[in-house]
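Asker: Got a predicted model here, sequence first, then my questions.
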Amino acid sequence: AEMASTSRPSVSASAMSYLLLVMVRDYHEKGEAGRARLETMGAQLGARLAERYTKDRARFTEHTEVVLWTCKEFWQETFGKRVDNLKTNNRGVYVLTDVAFEWMSGLRPFGGDTEEASWALMMGYAESYGSFAGGVVRGALESLGLRCAVSAEPTCGAVTTGAEEFKPLGCKFTVRLAAGLGFGGVA
């Protein structure tokens with residue numbers, strides 16, 4: 001019985017990786033309109049996941065509770081680990097950093113005539129993955145009462161020549177709460 005429980009997550013992770021790969025590839029080719037659609041689909045998924053993960057939990061009463069829950073529990077369930085770093089300016093802006101973002105772990109420089117062109121292609125695809133993931137985060141936060149905008153910026157560690165030295169891509173999510181609103185979007 002234990003064998004089945006340990007093999008199940010890897011099957012789910014590989015299925016999710018393939019789904020993301022195909023979805024991002026198809027919408028990436030549509031440029032900005034494709035990234036906007038990825039963000040919208042991500043928001044729908046994030047809202048459903050947050051509702052599922054919080055159905056047996058008491059309702060949140062403060063912004064910080066929602067953000068901390070998102071960084072710990074939601075991130076663990078959705079992305080396989082907790083956020084590596086959370087910063088805030090205490091004025092409605094939160095920066096969540098994942099230094100090795102699981103959904104981008106398979107991306108490598110590819111297809112360019114030069115090394116720089118290959119990196120540019122990879123980072124373009126990383127932005128599309130970030131659009132979907134940012135939508136997931138926005139959808140989760142909004143379903144829990146925080147009206148916000150979320151931007152995702154792929155990050156890359158230092159890389160020396162050779163594939164064995166490649167560091168996985170990270171992602172920095174900037175959450176901006178809607179101005180002038182209290183919890184749940186009420187002024």
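Answerer: Received, thanks. Numbering: from 1, shown residues only.
Asker: can you give me the mean pLDDT across the helix or strand harbouring residue 12?
Answerer: Using DSSP states H and E, residue 12 sits within helix 2-28. Averaging pLDDT along helix 2-28 gives 72.
Asker: next helix or strand past that helix?
Answerer: Following helix 2-28 toward the C-terminus (DSSP H and E): helix 31-54.
Asker: Buried residues in whatever helix or strand comes next after that following helix, which are they?
Answerer: Next along the chain after helix 31-54, taking DSSP H and E as the criterion, comes helix 63-69. Under the neighbour-count criterion of 16 or more other Cβ atoms under 10 Å, helix 63-69 has 63, 66-69 buried. Placement of C-beta: from N, CA and C, glycine included.
Asker: Quick one: those residues as JSON lines, columns for distance to residue 88 and pLDDT too.
Answerer: Formatted as JSON lines, the buried residues of helix 63-69 follow (distance: Cβ to Cβ, whole Å; pLDDT from 0 to 100):
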{"residue": "63", "distance to residue 88": "10", "pLDDT": "89"}
{"residue": "66", "distance to residue 88": "13", "pLDDT": "95"}
{"residue": "67", "distance to residue 88": "8", "pLDDT": "95"}
{"residue": "68", "distance to residue 88": "11", "pLDDT": "96"}
{"residue": "69", "distance to residue 88": "15", "pLDDT": "96"}
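Asker: Throw those residues into TSV and include distance to residue 174, thanks.
Answerer: Listed next are the buried residues of helix 63-69 as TSV, based on distance: Cβ to Cβ, whole Å:
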residue	distance to residue 174
63	15
66	16
67	12
68	17
69	18
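Asker: for these, which one is nearest residue 133?
Answerer: residue 67 (16.3 Å; Cβ to Cβ).
Asker: does that closest one really touch residue 177, like I thought?
Answerer: No. When contacts are counted by Cβ atoms under 8 Å, residue 67 is not listed as touching residue 177 (9.2 Å).
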